[in-house]
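Colleague: Model the structure of this input:
(chains A, B and C)
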Amino acid sequence: MALTAYAAAQTRNLFAVVILSGIFSLLAAVLYVVLNAVDVAFTEAAVGAGISTLLMLATLSLTTDKERAKHQIKIIPLSIVSVTGLLLIFGTLDMPFYGDPNAPTNLHVAPLYISDSMKQTGIPNIVTSVLASYRGYDTFGEVVVIFTAGIGVLALLGHGRNRTRPGKNRNVNLEDENRIS
Amino acid sequence: MTRHSILRITAKFMIPYILLFALYVQFHGDFGPGGGFQAGVIFASGFILYGLIFGIENARRVLPARVTRVLLAVGVLLFGGTGVISFFFGHNFLDYSVLLKNSVSGQHLGIFLVELGVGITVSATMITIFYVFASQDK
Amino acid sequence: MAFPGLLNYWIVIILMMIGFYIVIAQGNLIKKIVGLNIFQVSVFIFYISIGKVTGGSAPIINDNIEIYSNPLPHVLILTAIVVGVATTALGLAMIVRIKDAYHTIESDEIDDIESAEKEV
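Modeller: Take a look at the predicted model:
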C-alpha cells in the first residue's frame, strides 16, 4: 500500500496517478476486512475504487492528464514532513497496543452498544443500529453534508456557466490538446 | 460506443443484477453488512455504468436530471421528517421508539426509514454529480 | 501480543506523511486531491485499527460469537468515506472551473497569472 502511495507521488502521468489511487483504495478495503470492518470495506470498495476514480477520470478528460515536467525533491516540504512524522511516531509510544481489548476506546460506550443493541432495536448489525439510531444526529449531519456537496457541484458546474471568467481576456495556452478520451 | 459490443452485452447483463444487489444491500442492511450509504453508492454506480455504456442521453431519458435533484432533497427530508415525527409524540428528535406501539419495532421502522433516506440522498447525489461532469462539453 | 504492537500506527503515519508531502510539495491540483485522499484513507485506517479487538469478530450479533470489534469507529468511518467522495467531487468541480478560468491546473502558474494581473 505504501508502495502504491509512493508511486502515486512520483508518477507524472496523471492518468496513472488516478488509477494508482484506485488500487490504493482497493487495498485499503482489503485491509478493512482484515480489521473486521466489513461495512467499511464494502463502502470503500464501492466508493474509492468505483465512483471516486471515475470522477477523477472525468476531471482529467475535462482538463489535462499531463503534469508539467518538473520534479526535484523539495527540501523544505520534505523536512517538514519528516519532522511531523517523527513527532507523530513519538506520540504513538503511549498508545495502546493493536487489538488491545482494554484500550480506552473499547471501554467507553462500545460495550453498551454491543450488549444493548439487540434488545433495544432488534437489529443484529450493530453498525447499522449505531449509525441510524444511537448516532442519528451525526448521520443526519453527514447526509446534509453530502446533500450540500451535491448542490455545490451543481452550482459550480451546472447549467449556463461561462467558459471563461467574465471581463478577462486571457491568452489561451494550448497545452491542453493532449486530452484523454 | 456502438462498436463495443462486448461491453454493451456484458453491461446489459450486469446492470439488473447491480441494481438488484443495491436494493438487497439497502433492505438487508439490518442483518448483514450493508445499509443506506453502500446501497446508494452501488445503485448509483450501476446507473453510471449504464450512462457510460449507452450514452448520457439515454441515461437522462431513463432518469431525468430533474428527478435526481428532487430525490436529492427527498432523501434528506425523509431522514429529517422521521426525526420530526417523534416531536409530535413528545420525544426527542430522532427518537424512533415512539413510531410504533412496541418500542423495538418502532426503532426498527425508524432505522429502516432513515436508511432509506440516506440511500436515496447518496444515490441521487452521485448520479447528479455524474450527470454534471459528463455533460460538460469541452 | 508483542508482534503487531504499535506497527499499525506507524504504517498509518507513513501513509499520512506521503499524502501530506504530495499535498504540500506538488503543484498539480489533481495530484493534490489524490494526496488528500491518501491522507484521508490513512486516518480511516487509524480509526479502524483502534477499534480492532484481538480475537473479535465483525460487529454483527450472532449467538455463537462472544467478542466483537468496536462498532463505533466503523460507523464514523463509514459515513466519512461517503462524505469524503462527495467533497472530493466538489474539489474536482472546482478544478474544472479553475481550468476554465486560468487554462492551467498547476498552482504556481496560477500564482504567476494572478500576480501578473495585479501589476496591470
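Colleague: Could I get the average pLDDT for the one helix or strand B:Phe27 maps to?
Modeller: Secondary structure assigned from DSSP states H and E places B:Phe27 in helix B:5-28. Mean pLDDT, computed over helix B:5-28, is 84.
Colleague: near chain C at all, the next helix or strand after that helix?
Modeller: From helix B:5-28 onward toward the C-terminus, using DSSP H and E, the following helix or strand is helix B:36-54. Yes. Interface with chain C: helix B:36-54 contributes B:37, B:40-41 (CB under 8 Å from any CB of the partner chain). (C-beta placed from N, C-alpha, C; glycine too.)
Colleague: ok, and which of these reach chain A?
Modeller: Counting by CB under 8 Å from any CB, B:37, B:41 from the residues of helix B:36-54 next to chain C sit close to chain A.
Colleague: what about the residue lying closest to C:Val34 once chain neighbours are set aside, which SS state?
Modeller: The shortest distance from C:Val34 to any non-neighbouring residue, by CB to CB, 6 or more residues apart in numbering or on different chains, is to A:Ser21 (4.8 Å). Secondary structure, DSSP: H, G, I helix; E, B strand; the rest coil: A:Ser21 is helix.
Colleague: burial measure for C:Leu76, as a count.
Modeller: Burial of C:Leu76 is recorded as 20 neighbouring residues (other CB atoms under 10 Å in any protein chain shown).
Colleague: sorry, back to before: which of the residues of helix B:36-54 next to chain C sits closest to chain A?
Modeller: B:Val41 (4.4 Å; CB to the nearest CB).
Colleague: list the contacts for the closest one?
Modeller: Residues touching B:Val41, when contacts are defined by CB atoms under 8 Å, 6 or more residues apart in numbering or on different chains, comprise A:43, A:46-47, A:50-51, B:122-123, B:126, C:82, C:85.
Colleague: mind giving me TSV with these and columns for pLDDT, neighbour count and secondary structure?
Modeller: Compiled in TSV, the contacts of B:Val41 are given as follows (pLDDT from 0 to 100; neighbours: other CB atoms under 10 Å in any protein chain shown; DSSP: H, G, I helix; E, B strand; the rest coil):
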residue	pLDDT	neighbour count	secondary structure
A:Thr43	81	29	helix
A:Ala46	81	28	helix
A:Val47	81	28	helix
A:Gly50	78	22	helix
A:Ile51	82	23	helix
B:Val122	87	31	helix
B:Ser123	88	27	helix
B:Met126	86	31	helix
C:Val82	84	29	helix
C:Val85	86	29	helix
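Colleague: Okay, B:Leu113 and chain A: tell me how far apart.
Modeller: Going from B:Leu113 to chain A by CB to the nearest CB, to the nearest Å gives 9 Å.
Colleague: Find the nearest non-adjacent residue to that residue, please.
Modeller: For B:Leu113, the spatially nearest residue (CB to CB, 6+ apart) is B:Thr82, at 4.6 Å.
Colleague: Could you say which helix or strand holds that neighbour?
Modeller: With DSSP H and E as the criterion, B:Thr82 is inside helix B:65-88.
Colleague: how many degrees apart are that helix and helix B:36-54 in direction?
Modeller: Angle between the axes of helix B:65-88 and helix B:36-54 is 170 degrees (criterion: axes from the mean of the first three to the mean of the last three CA atoms, to 10 degrees).
Colleague: mean confidence score for helix B:65-88?
Modeller: The average of the pLDDT scores along helix B:65-88 is 82.
Colleague: ok, back up a step: can you pull the contacts of the residue nearest to C:Val34?
Modeller: A:Ser21 sits in contact with A:8, A:52-53, A:56, C:34, C:37-38, where contact means CB under 8 Å, 6+ apart.
Colleague: Now the helix holding B:Thr82 - C-alpha only, CSV.
Modeller: C-alpha atoms of helix B:65-88 as CSV (Å, rounded to 0.1, in the frame of the first residue of the first chain):
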residue,chain,number,x,y,z
ALA,B,65,-31.7,15.2,-14.1
ARG,B,66,-34.8,17.0,-12.7
VAL,B,67,-35.9,13.8,-10.9
THR,B,68,-32.5,13.3,-9.3
ARG,B,69,-32.4,16.8,-8.0
VAL,B,70,-35.8,16.3,-6.4
LEU,B,71,-34.7,12.9,-5.0
LEU,B,72,-31.7,14.7,-3.5
ALA,B,73,-34.0,16.7,-1.3
VAL,B,74,-36.5,14.0,-0.7
GLY,B,75,-33.8,11.8,0.9
VAL,B,76,-32.8,14.5,3.4
LEU,B,77,-36.4,15.3,4.1
LEU,B,78,-37.3,11.7,4.7
PHE,B,79,-34.5,11.5,7.3
GLY,B,80,-35.3,14.8,8.9
GLY,B,81,-39.1,14.1,8.8
THR,B,82,-38.6,10.8,10.6
GLY,B,83,-36.9,12.7,13.3
VAL,B,84,-39.5,15.4,13.4
ILE,B,85,-42.4,12.9,13.8
SER,B,86,-41.1,11.9,17.2
PHE,B,87,-41.6,15.6,18.3
PHE,B,88,-45.4,15.0,18.0
